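Student: With the sequence up front, the predicted model follows.
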Amino acid sequence: MIKGMRGLSFKEDLIFEKSREGAKGYSLPKLDVPKADPAKTIDKKFLREGKIGLPEVSEVDVIRHFTKISLWNYAVDYGLYPLGSCTMKYNPKINEITSSLPGFADAHPYQPYSISQGALELMYNLEKALMEITGFSRVSLHPAAGAHGELVGMMLIRRYLEDQGNPRKKVLIPDSAHGTNPASAAICGYEAVELKSNSEGMLSLSDLEAALDKDVAALMLTNPNTLGVFEKNIKKICEMVHKVGGQVYMDGANMNALMGIMKPGKSGVDVLHLNLHKTFSTPHGGGGPGSGPVAVAKHLAPYIPKPVIEKNDKGEFYLDYNPEKSIGRVRSFNSNFAILVRAYTYILSCGSDGLKESTEHAVANANYIRKKLSKYYDLPYETSTLHEIIFSDKIQEKFGVTTKDIAKRLLDLGYHPPTIYFPLIVHGALMIEPTESESKQELDGFIEAMIQIAQEAEKEPEKCTEAPHNTVVGRLDEVTAARTPILKWEPEKE
Amino acid sequence: MKYLPNSGKEFDEILKEIGVGSVDELFKVIPEELRLTKPLDLPEGKSEVEVLDILRNLSDKTAGVSKYSSFLGAGAYNHYVPTTVGSLISRAEFYTAYTPYQPEVSQGTLLAMFEYQTMMCHLTGMEIANASLYDGASATAEAVLMADRIQRKKNKIVMSEGIHPEYLETVKTYLWNLPIEIVTVPLQADGSTDMNALKNAADDSTAIIMAQSPNFFGVIENIEAIAGAAKEKKILFGQIITEVYSLGMLKAPGAFGVDIVVGEAQSMGNKLNYGGPYLGFIATTDDLKRQLPGRLIGMTKDNRDQRGFVITLSTREQHIRREKATSNICTNEALCATMAAIHMSTIGEAGVKEVAEHCHSKAVYAHQALEKTGKVKFPHSGPYFNEFVVDVGKNGKDIVEKLTEKKIIAGFPLIYYYPERENQILMAFTELNTKEQIDRLAAELGGAL
């Protein structure tokens, strides 16, 4: 059954356009102390005069406005969200309940430890659970997102190498890597050197060998990589990098293929970052907030960001603000704590059995799609894949239909498209990661839609090239948006 | 509880269709020596009832500020959040959506972000604001890196010691690996940045001067003077703000010619959450927009001539520019920004000013009440908005702990970051602190000293 349809597509003005002088949507308690005249203590030239420019609307206006525009979003709670490497799994509702418990939601990060023990215990336990899942010696919960975790991981490597006498100059990164890898390496003062993938979609050992020298600080490797392929030579790769004195950083964006199956820490890797908003079911929130904990091998543990969580002899938890070798702070306070609560809830709910089964279902679902669609779409790499599958638009391009058109046509048929044009090494890539959250029925619906598009591309290509037809807006003019950017609302000039 | 919709039968059908006899076969691509032979050493999965029980127990062992009279601020503020925020943000359309890379099915997020950007522009008086960064500290580091890109040949950063200590530390960590020197400028007795020292520190090799106002100790800086000094030497000036409600009372930084405004907007609709997620923001002038880090949402038209919104100027970002990107940021704090947009819509023009007025009035009242005890001193005489330092004459940490037993969290003991401020407590006041709470703070503090 094809599920696309025209929904309730309301026209809606911006909140600023609904503003009416004097309208109010809030109420405050009556001021119970004398009203202070700021001009008595603050120089008048520093006091605001006139309007700020914020909306003046009622509570009903606010509720209706944001409710209406929310209906213009696709969401995991609607259906399959097969973005490769993004792991859009279901976000259990219990996570939202636990993270908003008053002890957590209303706790100030600087309140005394004596009244923060539950929050600290949760962080301590989560660290321990993530250590067990990844096979590493220590975890830092500070990073606010995956890229932040990458940055922290590379900082740890650099500080460790400095202590060894030489921070070195280069970081090797496969051409299939996420763009955040080279960007993170650059902030650490490293030159990013690209390694080409071989015909199997893996890192070539001979190319690696040729690139390795005393200037190499680290290799940044995603495993399974962004083609969904497990780097089967991982142990050998780590040995080779270690032999020249370098470190191996693993991007854990694809941990959903490994949880309960293998531990990256036991494969020779030195640092790994996790995305709690991918593997551990915390919501993506339309782009964030996430959380990107970093797991490290023993030799890197002394360097993790401060403050670090510890337990004293009496069994009380506290934050150590001054661990001697820490790289320092990478953010304010201690973590994206409310995200940690959700991830911890998820780990407790699933348990060791559930985490492993989730991985199994995720990998099976991806392979099912691979099997069903490889007759209709070009598979650029034949190698077996785990949790995601990458097709190209090679077959459809002959009829003038590109990956972008396929993606836009999927919107008409009621599905969010896969990740497109990534990894960069695949021409017109369609990167599909269904996750374990999809039933066979839902997968079959998506497969049917993809087959329909493949057929349309051949027979009625304009259905694809002119898509989407059913969405609240059509294809948007991104060129003009970038050339003459309008980045804030302004009233139309008379 | 497992979140697996496929029944055993369906799962078997899937395996059969793939052509494998068992699920283990799918993992044969992982070398056998790396595959686990026993389950993870974690408890078995639990029911919803059991999990809720465990988490409630942990929550009960942590005290939310609502059960205490809290005077904690120091970069995270306890403000009234209207019920519209929690209600709207729990719509799955917002919180279970991905980054709006497919604009045709992401107009809700995109429009909310565009409105948020507009509101932040109005609040700060700047021309461009981005769609969020992680938090105030990392946003400050991003502002410094941005200045470094703009002022390529200059390699010095001048930072006031009135900046939040965790922000200063974060900047140091970010710059550790780069050839940029950080020079800090001390405060003078009134608690504001020493202008002579600042003028001496800033020279031809300085890329940016960074100062926080109101600063970490609550003192409102002379932004006009700092901006003037920066302009004179053709140096950029970045103002940090950790309490954005101050902008309901204080003149917008844009009015003084500040180049970059950066900081923490947690005050707008985001709960305390024991430290995060919060809402890093950055705003700048039109001239500097192409050096901004992070995501920007722009307005455009679709092929049906309707208004629509898209992620724009993305050639600055890591997924396009890779190692040459303006930042490595990808996932940001979009939902926190959405909460801020809903908050600022509900509280609105009048509300932001009224909340600011309440905050300031409570702080002034508290200042007088504490003064009347005759047992405390105020180390800084500079003007304040809703936060100030109190010298209690005894170890501040001990006093805070003592008052905690009386259900009062008196503030942040500065000894954590400043050994020389052993007896000082930083106290913040918001519209949620009642007169009664403040009277009790003064009485109990007076009693404890």
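Tutor: Cool, the structure landed. Treat the numbers as computed from the prediction; the structure is a model and nothing was measured.

Student: give me the residue from the stretch 351-494 of chain A nearest chain B.
Tutor: A:G351 (3.1 Å; Cβ to the nearest Cβ). C-beta coordinates here come from the backbone N, C-alpha and C atoms, glycine included.

Student: Verify the stated contact: that residue with B:D41.
Tutor: No: with contact defined as Cβ atoms under 8 Å, A:G351 does not reach B:D41; the gap is 11.3 Å.

Student: higher neighbour count, those two?
Tutor: Neighbour tally, A:G351 and B:D41, criterion other Cβ atoms under 10 Å in any protein chain shown: the higher count belongs to A:G351, 20 against 10.

Student: What residues does that one make contact with?
Tutor: Taking Cβ atoms under 8 Å, 6 or more residues apart in numbering or on different chains as the contact definition, A:G351 lies against B:L42, B:P43, B:E44, B:G45, B:K46.

Student: With A:K243 instead?
Tutor: Counting by Cβ under 8 Å, 6+ apart, the residues that A:K243 touches are A:L212.

Student: Could you do the one 5 residues further on as well?
Tutor: Residues near A:V248 by Cβ under 8 Å, 6+ apart: A:A218, A:L219, A:L221, A:I237, A:C238, A:V241, A:H242, A:G268, A:V269, A:D270, A:V271.

Student: A strand includes it, no?
Tutor: Yes: under DSSP: H, G, I helix; E, B strand; the rest coil, A:V248 sits within a strand.

Student: out of the contacts of A:G351, which are buried?
Tutor: B:L42, B:G45, B:K46 (16 or more other Cβ atoms under 10 Å in any protein chain shown).

Student: Let me have those residues in CSV, adding distance to chain A, pLDDT and secondary structure as columns.
Tutor: Converted to CSV, the buried ones among the contacts of A:G351 look like this (distance: Cβ to the nearest Cβ, whole Å; pLDDT from 0 to 100; DSSP: H, G, I helix; E, B strand; the rest coil):
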residue, distance to chain A, pLDDT, secondary structure
B:L42, 4, 98, coil
B:G45, 3, 98, coil
B:K46, 6, 98, coil
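
Student: which one among those gets closest to A:H178?
Tutor: Distance to A:H178 across the buried ones among the contacts of A:G351 (Cβ to Cβ) is lowest for B:L42, with 28.3 Å.

Student: Once you drop chain neighbours, what's closest to the closest one?
Tutor: Residue nearest to B:L42 in three dimensions, not counting chain neighbours: A:S352, with 4.2 Å by Cβ to Cβ, 6 or more residues apart in numbering or on different chains.

Student: what's the helix or strand for the one you found?
Tutor: helix A:337-373 (DSSP states H and E).

Student: just A:V139 next, same as before
Tutor: Per DSSP H and E: strand A:138-140 holds A:V139.

Student: Show me what the helix or strand following that strand packs onto, helices and strands only.
Tutor: Sequence order places helix A:146-163 as the next helix or strand after strand A:138-140, per DSSP H and E. Secondary-structure packing of helix A:146-163 (3 or more Cβ pairs under 8 Å, 6 or more residues apart in numbering or on different chains; DSSP states H and E): helix A:180-187, strand A:216-222, strand A:247-251, strand A:271-273, strand A:294-296.

Student: can we see that at 10 Å?
Tutor: Applying 3 or more Cβ pairs under 10 Å, 6 or more residues apart in numbering or on different chains; DSSP states H and E, we find helix A:146-163 packed against strand A:138-140, strand A:170-174, helix A:180-187, strand A:216-222, strand A:247-251, strand A:271-273, strand A:294-296, helix B:165-175.

Student: got the angle between it and strand A:170-174?
Tutor: Angle of helix A:146-163 versus strand A:170-174, following axes from the mean of the first three to the mean of the last three Cα atoms, to 10 degrees, is 140 degrees.

Student: for the chain, what spans make up the helices?
Tutor: Went with chain A since none was named. A:59-70, A:93-99, A:102-105, A:117-134, A:146-163, A:180-187, A:205-211, A:234-243, A:337-373, A:394-397, A:403-412, A:440-459, A:461-465, A:478-483 (DSSP state H).

Student: actually it's chain B I care about, not the one you picked
Tutor: Going by DSSP H, chain B shows helices at B:8-18, B:48-60, B:83-89, B:92-95, B:107-124, B:136-150, B:165-175, B:195-201, B:223-232, B:318-321, B:334-372, B:396-404, B:435-448.

Student: if we can go back for a sec, which of the contacts of A:G351 sits closest to B:G308?
Tutor: B:G45 (43.5 Å).

Student: ok, the closest one touching A:G260?
Tutor: No: the pair B:G45 / A:G260 is not scored as a contact, 11.7 Å apart, by Cβ atoms under 10 Å.

Student: Overlap in contacts, these two.
Tutor: With contacts taken as Cβ atoms under 10 Å, 6 or more residues apart in numbering or on different chains, B:G45 and A:G260 have A:C350, A:S352, A:D353, A:G354, A:L355, A:E357 as neighbours in common.

Student: Walk me through the domains of chain B.
Tutor: Following automatic domain parsing, one gets these domains for chain B: B:8-60, B:66-80+B:351-448, B:83-343.

Student: and of these, who's closest to A:E458?
Tutor: Comparing the domains of chain B by Cβ to Cβ, domain B:83-343 comes nearest, at 23.8 Å.

Student: Do me a favour and get the end-to-end distance for that closest one?
Tutor: 9 Å (Cα to Cα, to the nearest Å).

Student: Could you do stretch B:254-265 as well?
Tutor: 17 Å.

Student: next one: stretch B:282-292
Tutor: 8 Å.

Student: and that stretch, anywhere near chain A?
Tutor: Yes: applying Cβ under 10 Å from any Cβ of the partner chain, one finds stretch B:282-292 touching chain A at B:D286, B:K289, B:R290, B:L292.

Student: thinking again about what came up before, next, the angle helix B:48-60 makes with the helix holding A:S352.
Tutor: Between helix A:337-373 and helix B:48-60, the angle comes out at 150 degrees (the same axes, to 10 degrees).
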